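could you look at this predicted model? Sequence included:
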Amino acid sequence: VPLNSCTTGKLTAIYDYIIIGSGPGGATIATRLALNDYKVLLIEAGPDYDDIITETPVFWPEVQLEPQITAQFNPYLYSKEDNRTIQYPRGIALGGSTLINAMIIMTPNPSEWDDIANATNDTNWSYENIKSNYQPLVENCEYCANNDSDANKNGWLNISRSTTGFVESPLLTKNPVLTELLKAVSSEVPYNPDVDKNNTYDSYYFTPKSVSQDTGHRSDTYRRTKDVQAIKPTKLDVWTNTFVTKIIIDNGTKEACGVEYVIGAFLYKASPLEPLNPVKNDFVKLSVFAKREIIVSGGQWMSPQLLQLSGIGNKTLLEKFNIGVIQDLPGVGQNQHDRNEMPYIVKLKVNPNFPGPIDPTCILGGILNSSCLINSTINTPEDFLSSNAILFSILRSAAPIKANFPDSALYFAPLKFTGFRKNWVIKAAPYTIGPYITVIINYARVKNNLGTVEIKSANPFDTPLIQLRHFEGPDGQTEVNQIIDHIRFLRKIFIQSNFSQYVDFEELPGKDVRSKKDLSDYIHREVWGHHACCTNKMGDTENDPLAVVNSKGQVKGVKNLRVADISIWREMPGYFPFLPVSIACEKIANDIIQLART
Ligand SMILES: Cc1cc2nc3c(=O)[nH]c(=O)nc-3n(C[C@H](O)[C@H](O)[C@H](O)COP(=O)(O)OP(=O)(O)OC[C@H]3O[C@@H](n4cnc5c(N)ncnc54)[C@H](O)[C@@H]3O)c2cc1C
């Protein structure tokens with residue numbers, strides 16, 4: 001079959017749908033379509049990797065050292081001219097980034113859904129309507145084999161709370177250091193018993209996490225895919241170690257009908273094992289076709305890259321690399337947002353032993369010794385091994401501007417964690433659980449949308465040029481001021497309360513970093529993010545020239561092609577993306593099924 005012939009290709013097609021990428025975007029859609037008896041091919045660049053370190057929640061820092069499944073990008077923190085880069089991990093494996101993430105789960109705010117509904121004129125996005133998509137995710141497990149089992153109370157995304165895994169065990173509530181810390185916190189903000197039902201006000205809470213209540217293991221789209229394959233073995237094919245290099249689009253009809261791909265492990269340059277890739281200079285391009293649709297779910301950088309390589313994007317950029325233009329869509333790779341995250345770190349005078357009597361070498365760069373391995377095979381949700389090490393969190397709105405809901409989430413962890421950057425796990429290893437507390441300031445409501453993703457060659461295995469451009473745009477100074485406000489708030493809790501008796505010193509920003517200018521410099525130096533998004537913006541494709549997809553994820557000007565992942569968000573979703581992306585993709589799966597039935 002000629003590679004670009006849709007007419008002949010579709011005659012050979014055995015699949016209804018081809019989905020590229022198996023994170024919360026792609027796997028959610030692939031599994032939903034297979035459960036509805038469509039024949040689905042899910043293609044994933046990374047391997048099928050199942051191991052004790054991906055299964056056991058407390059090993060999440062270790063997972064980011066595993067080169068087989070974690071790609072390391074090097075985006076510019078600001079612009080290319082500024083030249084400062086950061087090492088930025090992404091999952092490249094079956095399960096996407098859900099296989100390596102920190103498992104914090106948060107619902108978006110109701111008004112965020114209403115904003116999408118208003119911007120796209122699609123009332124199915126409104127909070128009232130989208131709510132029904134929470135159900136298959138977190139409540140009724142409609143695909144569970146045994147209808148009587150307790151497991152049916154949980155949907156495919158299993159959620160538990162840090163209360164079960166960490167803080168509320170008797171040992172911890174009796175811990176004097178933690179008790180004093182919670183006292184200092186509760187004098188500032190009230191306790192929120194159910195943050196996923198009500199995240200609209202400043203409060204502290206015990207963090208929900210994507211960990212199964214039944215097994216204490218990580219819950220992710222890896223396991224979701226495996227479960228649905230077991231139930232619908234003839235409906236869901238999964239090809240791992242398979243890299244899609246281009247979407248096949250008929251030039252005349254502008255209809256997407258298949259993909260070109262290369263088989264092989266570690267083909268992409270962001271993979272630390274790419275230098276070992278055996279087919280680098282000698283690969284064979286193959287093609288596979290679908291009768292109905294192609295769905296791109298490669299995440300915030302690889303999705304716009306694949307569109308651009310396939311002739312969809314800014315015409316000038318594509319022509320620079322001699323790529324035939326199928327659809328001039330200047331919004332592809334624009335509108336990039338990322339959170340502004342920042343560490344606040346104190347060293348304590350003593351090791352308060354928050355997690356109880358565990359072997360600290362089990363985590364954070366320590367050796368996975370035999371006692372850890374034995375323990376983690378008999379995990380229970382109460383077990384420390386089922387924890388992501390977050391003690392508790394605060395939702396907070398900073399001065400000077402009070403948003404109508406909190407702008408930031410502050411995560412308290414007994415670690416020395418300076419952010420996802422090169423070697424953080426190794427550098428933190430000597431200070432495993434114990435004498436440090438890090439508060440991760442996650443400034444979530446970032447409005448700055450000046451970041452970009454652009455191919456820098458026509459080679460599909462090259463990483464694109466990524467400029468995050470933190471703090472640029474009209475709200476930049478306000479964002480910095482608000483983070484300063486959060487740092488001063490944390491000083492109140494740690495240094496200006498009775499808790500100060502336990503503090504040895506403030507390591508970051510450091511006690512002498514006090515003036516607005518010094519704090520601002522600190523923020524510009526230490527900022528990082530790990531939720532970059534919004535690079536294929538959803539919108540009113542008729543009237544907004546920068547909208548890439550419509551409210552159903554359909555790409556403007558190309559038939560039978562959708563994007564469904566974190567890249568279609570208009571602004572940063574909620575405080576953490578896994579749950580919002582999955583809910584959104586349950587909705588898009590419904591759109592796809594509805595169209596197929598008409
Ligand atoms: C270290 C880390 C910690 C995080 N912690 C949290 C957290 O605690 N809570 C939370 O909610 N979120 C967290 N996140 C973010 C969250 O996991 C991601 O935002 C989310 O997974 C994005 O979903 P996605 O489907 O858009 O993309 P991804 O999950 O990135 O999946 C995309 C997949 O597509 C594949 N792919 C891409 N291009 C191709 C191609 N051409 N051919 C074949 N396959 C391709 C990739 O290999 C990848 O597996 C974290 C992320 C990281 C990296």
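On my side now, so go ahead.

for the stretch 251-400 of the chain, what lies in contact range of the ligand?
Proximity of the stretch 251-400 of the chain to the ligand, by CB under 6 Å from any ligand atom, involves residues 297-299, 302, 306. From N, CA and C alone the C-beta is placed, and that goes for glycine too.

among those, which are in helices?
If you go by DSSP state H, these have 299, 302, 306 in helices.

need the residues of the stretch 451-598 of the chain near the ligand, please.
Counting by CB under 6 Å from any ligand atom, the stretch 451-598 of the chain sits next to the ligand at 530-531, 565-566, 576-578, 581.

quick one, helices of the stretch 401-550 of the chain?
424-428, 476-494, 516-526 (DSSP state H, counting those that start in this stretch).

next, the angle helix 476-494 makes with the last one.
Spelled out, that is helix 516-526. 100 degrees (axes from the mean of the first three to the mean of the last three CA atoms, to 10 degrees).

mind giving me the packing neighbours of helix 516-526?
In terms of contacts (3 or more CB pairs under 8 Å, 6 or more residues apart in numbering; DSSP states H and E), helix 516-526 is packed against strand 340-348, helix 476-494.

of the ones you listed, which is nearest Pro272?
Ranking the helices and strands packed on helix 516-526 by their distance to Pro272 (criterion: CB to CB) puts strand 340-348 first, at 22.9 Å.

quick one: residues in contact with the closest one.
177, 416-419, 434-443, 446, 470-471, 479, 483, 486-487, 490, 494, 502-509, 523, 526-530 (CB atoms under 8 Å, 6 or more residues apart in numbering).

any idea which of the helices and strands packed on helix 516-526 is most buried?
Ranked by mean neighbour count under mean count of other CB atoms under 10 Å, the helices and strands packed on helix 516-526 are led by strand 340-348, which reaches a mean of 22.

show me what Val453 is bridged to.
Ile466 (DSSP bridges).

number of residues surrounding Leu286?
Using other CB atoms under 10 Å, Leu286 has 13 other residues around it.

check the one 4 residues further on too.
By the criterion of other CB under 10 Å, Ala290 has 26 neighbours.

partner strands of the helix or strand hosting it and their direction?
Assigned by DSSP states H and E, Ala290 falls within strand 286-296. Strand 286-296 has its sheet partners listed here by DSSP bridges as strand 15-20 (parallel), strand 256-263 (antiparallel), strand 561-563 (parallel).

can you give the distance from the helix or strand just after the shortest one to the centre of its chain?
Just to be clear, that refers to strand 561-563. The C-terminal neighbour of strand 561-563 among helices and strands, as given by DSSP H and E, is helix 578-597. Put simply, helix 578-597 sits 18 Å off its chain's centre (CA atoms, centre = their mean, to the nearest Å).

do stretch 396-406 as well
With CA atoms, centre = their mean, you get 24 Å for stretch 396-406.

alpha carbons only: can I get it in PDB?
Taking Å, rounded to 0.1, in the frame of the first residue of the first chain, the C-alpha atoms of stretch 396-406 are listed here in PDB:
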ATOM      1  CA  ARG A 396      -4.300  29.300  49.600                       C
ATOM      2  CA  SER A 397      -5.100  32.600  47.800                       C
ATOM      3  CA  ALA A 398      -2.300  35.100  48.000                       C
ATOM      4  CA  ALA A 399      -2.400  38.800  48.300                       C
ATOM      5  CA  PRO A 400      -2.400  41.200  46.500                       C
ATOM      6  CA  ILE A 401      -5.100  39.700  44.200                       C
ATOM      7  CA  LYS A 402      -7.600  37.400  45.700                       C
ATOM      8  CA  ALA A 403      -8.900  35.000  43.000                       C
ATOM      9  CA  ASN A 404     -12.400  33.800  43.400                       C
ATOM     10  CA  PHE A 405     -10.800  30.500  44.400                       C
ATOM     11  CA  PRO A 406      -7.300  29.600  45.800                       C
END
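
need the strands for the stretch 401-550 of the chain, in chain order.
Counting by DSSP state E, counting those that start in this stretch, the stretch 401-550 of the chain has these strands, from start to end: 408-413, 436-443, 452-454, 465-467, 503-508.

turn the ones you listed into TSV, columns for mean neighbour count, distance to Arg339 and mean pLDDT.
Shown next, in TSV, are the strands of the stretch 401-550 of the chain (neighbours: other CB atoms under 10 Å; distance: least, CB to CB, whole Å; pLDDT from 0 to 100):
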stretch	mean neighbour count	distance to Arg339	mean pLDDT
strand 408-413	24	9	95
strand 436-443	24	6	96
strand 452-454	23	17	98
strand 465-467	21	15	98
strand 503-508	16	18	97
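
pop the domain breakdown of the chain in here.
6-48+106-137+220-333+531-597, 160-218+340-445+471-526 (automatic domain parsing).

and Pro110, what does it touch?
With CB under 8 Å, 6+ apart, Pro110 has these contacts: 127, 200.

quick one: the helices of the stretch 401-550 of the chain as a markdown table, columns for distance to Thr31 too.
A markdown table is the format used below for the helices of the stretch 401-550 of the chain (distance: least, CB to CB, whole Å):
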| stretch | distance to Thr31 |
| --- | --- |
| helix 424-428 | 31 |
| helix 476-494 | 37 |
| helix 516-526 | 39 |
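
please produce JSON lines containing those helices, extended by mean pLDDT.
JSON lines is the format used below for the helices of the stretch 401-550 of the chain (pLDDT from 0 to 100):
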{"stretch": "helix 424-428", "mean pLDDT": "80"}
{"stretch": "helix 476-494", "mean pLDDT": "97"}
{"stretch": "helix 516-526", "mean pLDDT": "97"}
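
and the residues of the stretch 451-598 of the chain next to the ligand, which is closest to Thr541?
Asp565 (17.7 Å).

for the closest one, give me its contacts.
Per CB under 8 Å, 6+ apart, neighbours of Asp565: 21, 23-26, 296-300, 303, 581, 585.

now render the strands paired with strand 286-296 as JSON lines, adding mean pLDDT.
Converted to JSON lines, those look like this (pLDDT from 0 to 100):
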{"stretch": "strand 15-20", "mean pLDDT": "98"}
{"stretch": "strand 256-263", "mean pLDDT": "97"}
{"stretch": "strand 561-563", "mean pLDDT": "98"}
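
any idea of the mean pLDDT in stretch 221-238?
Averaging pLDDT along stretch 221-238 gives 95.

also stretch 318-334?
98.

stretch 129-144 too?
Stretch 129-144 comes out at a mean pLDDT of 61.

how about the closest residue to the ligand within the stretch 351-500 of the chain, phi and psi?
Among the residues of the stretch 351-500 of the chain, Phe420 lies closest to the ligand, at 5.3 Å counting by CB to the nearest ligand atom. Main-chain dihedrals, Phe420, degrees, to the nearest 10: phi -70, psi 100.

out of everything not next to it in sequence, what's closest to it?
His530 (4.9 Å; CB to CB, 6 or more residues apart in numbering).
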